[in-house]
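Asker: what follows is a predicted structure for the sequence shown.
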Amino acid sequence: MDKISRRSFFRRTVAAGAAGAVIMAKGAASANGAAGQPMATVIDLTRCDGCANQNTPLCVAACQSKNRSRFPEPVKPIMDYWPRKGFEDWSDKKGLRDRLTPYNWLYVQKVTVDGKTVYAPRRCMHCDEPTCAYLCPFGVIAKNGDGSVVIDPDGCFGGAKCRDVCPWGVPMRQAGVGLYLKLAPKLGGGGVMYKCDMCHDLVKQGKNPACVTACPQGAMTFGDRSAMKQLAEARSKEIGGYVYGASENGGTSTFYVSPVSFAAIDRALKEQKVVDGKPGRSGMPLKVENKVDQLDGWATGVLLAPVAAVFAAGRAAYKSLASEKNAGDDSDKGGES
């Protein structure tokens, strides 16, 4: 960005902003994304044993292996950014496996309820009406037709609004990476948000997510959402158990089946301090309301559009200028040869 004129950057940003506002408003009002067959995961807690004989649960290891090339590599030293003093840096804690981090998008919670030990794999729930997608001020979260909710790291400024509105606090922030370093390193944002994307690339190829494939106990089943919901309900009746995720936050693409109530699981998690109030560890609250339902979708889109449009336009302007610069550099090199 050093050799790219800031005047050119802002001129292009403003020019694109007006058109972007209309586009972003429409995008916010239709967060369900392109048409397609929505998929979902059933996680049967009667079958998950946390891979007790393994150092790391195999689903967690598979997620790590699949996504390692996408983990953040922050530029250090990381600077504080206004208006905050401090930043979120997990780069020296890459080995953590007992919570969500920018380097660990899936973990397994262990809890004992009424003498029964339950293991619960935790990651993004992939909500049907994702609050994070509607309220992201940068417009970089999409609900895809296959059911996955995906963050575009190339446009994320790490504002963490997605985590603030997520009932489970799933997205995790890593500072020292992302577009904010190029555009406004000392102003707002502060990195990039990371989370499970349901192995969106594999699903597009007709494959299962890595965690589902890796589970040795068959505790995870992946398929058409309506079929998975029916499977979860049937399995729940079979064991006299409970389903979680079918209605929470307006419905999700992750259905847990448990032999003990999720209210009891949530209480036990808190009592055992498995939920410690810090980012990356969540309970299983039953009273989860979708905040989008409390807002008028059209009004929300219009209100957020100017903010989202400015950042989207800024990103487009930066990419355009960077592309022109690279093309110029290649041309110069060609002339020298």
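Answerer: Happy to help now that I have it. Numbering: from 1, shown residues only.
Asker: so what's Arg84 scoring on pLDDT?
Answerer: Model confidence at Arg84, given as pLDDT, is 73.
Asker: which residues touch Ala175?
Answerer: Residues near Ala175 by C-beta atoms under 8 Å, 6 or more residues apart in numbering: 74, 78, 81, 87-89, 158, 190-191. Placement of C-beta: from N, CA and C, glycine included.
Asker: among these, who's most crowded?
Answerer: Of all the contacts of Ala175, Gly191 has the most neighbours under the rule other C-beta atoms under 10 Å, reaching 30 neighbours.
Asker: test my guess that that one contacts Arg84.
Answerer: No: Gly191 lies out of contact with Arg84 (C-beta atoms under 8 Å); the separation is 11.1 Å.
Asker: quick check: mean pLDDT of stretch 140-157?
Answerer: Averaged over stretch 140-157, pLDDT sits at 95.
Asker: what's the first-to-last distance across it?
Answerer: 9 Å (C-alpha to C-alpha, to the nearest Å).
Asker: what are the buried residues along it?
Answerer: In terms of neighbour count (16 or more other C-beta atoms under 10 Å), stretch 140-157 has its buried residues at 140-144, 146-151, 153, 155-157.
Asker: could you list the domains of the protein?
Answerer: The chain breaks down into these structural domains: 1-30+295-328, 32-294 (assignment by automatic domain parsing).
Asker: and the ones you listed, which one averages the lowest pLDDT?
Answerer: domain 1-30+295-328 (a mean of 48).
Asker: circling back to that earlier point, from the contacts of Ala175, which land in strands?
Answerer: When the contacts of Ala175 are checked against strands (DSSP state E), there are no matches.
Asker: quick one: which of those is nearest Ala268?
Answerer: In terms of C-beta to C-beta, no member of the contacts of Ala175 lies closer to Ala268 than Glu88, at 28.2 Å.
Asker: quick one: contacts for the closest one?
Answerer: Contacts of Glu88 were listed using C-beta under 8 Å, 6+ apart, and they are 172-175, 190-191, 279.
Asker: check Cys127 too.
Answerer: Cys127 is in contact with 143, 149, 249-253, 290, counting by C-beta under 8 Å, 6+ apart.
Asker: hmm, try it at 10 Å
Answerer: 31, 133, 143, 147, 149, 166-168, 170, 245, 248-254, 288, 290, 292 (C-beta atoms under 10 Å, 6 or more residues apart in numbering).
Asker: buried set for stretch 191-210?
Answerer: Using 16+ other C-beta under 10 Å as the test for burial, stretch 191-210 gives 191-200, 202-203, 208-210.
Asker: how far does it sit from its chain's centre?
Answerer: Mean-position distance between stretch 191-210 and its chain equals 10 Å (C-alpha atoms, centre = their mean, to the nearest Å).
Asker: can I get it in CSV? Just the C-alpha atoms.
Answerer: As requested, the backbone C-alpha atoms of stretch 191-210 are provided in CSV (Å, rounded to 0.1, in the frame of the first residue of the first chain):
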residue,chain,number,x,y,z
GLY,A,191,-7.6,-8.4,12.7
VAL,A,192,-9.7,-11.2,11.1
MET,A,193,-12.4,-13.4,12.6
TYR,A,194,-12.1,-17.2,12.2
LYS,A,195,-14.5,-20.1,12.6
CYS,A,196,-15.6,-23.4,11.2
ASP,A,197,-17.0,-23.1,7.6
MET,A,198,-18.6,-26.6,7.5
CYS,A,199,-15.8,-27.5,5.1
HIS,A,200,-17.7,-25.6,2.5
ASP,A,201,-15.2,-26.5,-0.2
LEU,A,202,-15.6,-30.2,0.4
VAL,A,203,-19.4,-30.0,0.6
LYS,A,204,-19.4,-28.3,-2.8
GLN,A,205,-17.6,-31.4,-4.1
GLY,A,206,-20.3,-33.7,-2.6
LYS,A,207,-18.0,-34.8,0.3
ASN,A,208,-18.5,-34.8,4.0
PRO,A,209,-16.8,-32.3,6.3
ALA,A,210,-13.5,-33.5,7.6
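Asker: how near is the closest residue to Gly241 other than its chain neighbours to Ile239?
Answerer: Leaving aside its chain neighbours, Gly241 sits nearest to Pro259 (4.7 Å; criterion: C-beta to C-beta, 6 or more residues apart in numbering). Pro259 is 5 Å from Ile239, where distance means C-beta to C-beta, to the nearest Å.
Asker: could I get the full set of helices for the stretch 101-250 of the chain?
Answerer: Secondary structure of the stretch 101-250 of the chain (DSSP state H, counting those that start in this stretch): helices located at 131-135, 161-165, 180-183, 200-204, 210-214, 225-239.
Asker: quick one: Val278 and Leu96 touch, right?
Answerer: Wrong residue type there; residue 278 is Lys, not Val. No: between Lys278 and Leu96 there is no contact under C-beta atoms under 10 Å: 11.4 Å.
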